[in-house]
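# got a sequence here, can you build the structure:
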Amino acid sequence: MKSLTFALLIAGLLSLTGCNTVKGMGQDIQKAGSAIEGAANK
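The predicted structure is shown next:
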């Protein structure tokens, strides 16, 4: 479980590097949060 959460966190951080706007960064953070929340619910 911890490794899955860590992997999702790393993937989220890597996706943040591709953001060009503040709006895009917010959307990426929201997606990463949703993915972590989904993993926590399992």
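
# what is the longest helix anywhere in the chain packed up against?
If you go by DSSP state H, the chain has its longest helix at helix 22-41. Here helix 22-41 touches helix 2-16, going by 3 or more CB pairs under 8 Å, 6 or more residues apart in numbering; DSSP states H and E. Heads up, the C-betas are built off the backbone N, CA and C, glycines and all.

# using CSV, list the CA coordinates for the helix it packs on.
C-alpha atoms of helix 2-16 as CSV (Å, rounded to 0.1, in the frame of the first residue of the first chain):
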residue,chain,number,x,y,z
LYS,A,2,2.8,2.4,0.9
SER,A,3,4.7,1.7,-2.3
LEU,A,4,1.5,2.3,-4.4
THR,A,5,0.9,5.7,-2.6
PHE,A,6,4.6,6.6,-3.1
ALA,A,7,4.5,5.7,-6.8
LEU,A,8,1.4,7.8,-7.3
LEU,A,9,3.0,10.7,-5.5
ILE,A,10,6.1,10.5,-7.6
ALA,A,11,3.9,10.3,-10.8
GLY,A,12,2.0,13.3,-9.7
LEU,A,13,5.2,15.3,-9.0
LEU,A,14,6.6,14.3,-12.4
SER,A,15,3.4,15.4,-14.1
LEU,A,16,3.7,18.8,-12.4
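
# next, the buried residues of it.
Residues of helix 2-16 classed as buried by neighbour count (16 or more other CB atoms under 10 Å): Leu8, Gly12, Ser15.

# tell me the confidence at the first one?
In this prediction, Leu8 carries a pLDDT score of 85.

# nothing else from me, thank you.
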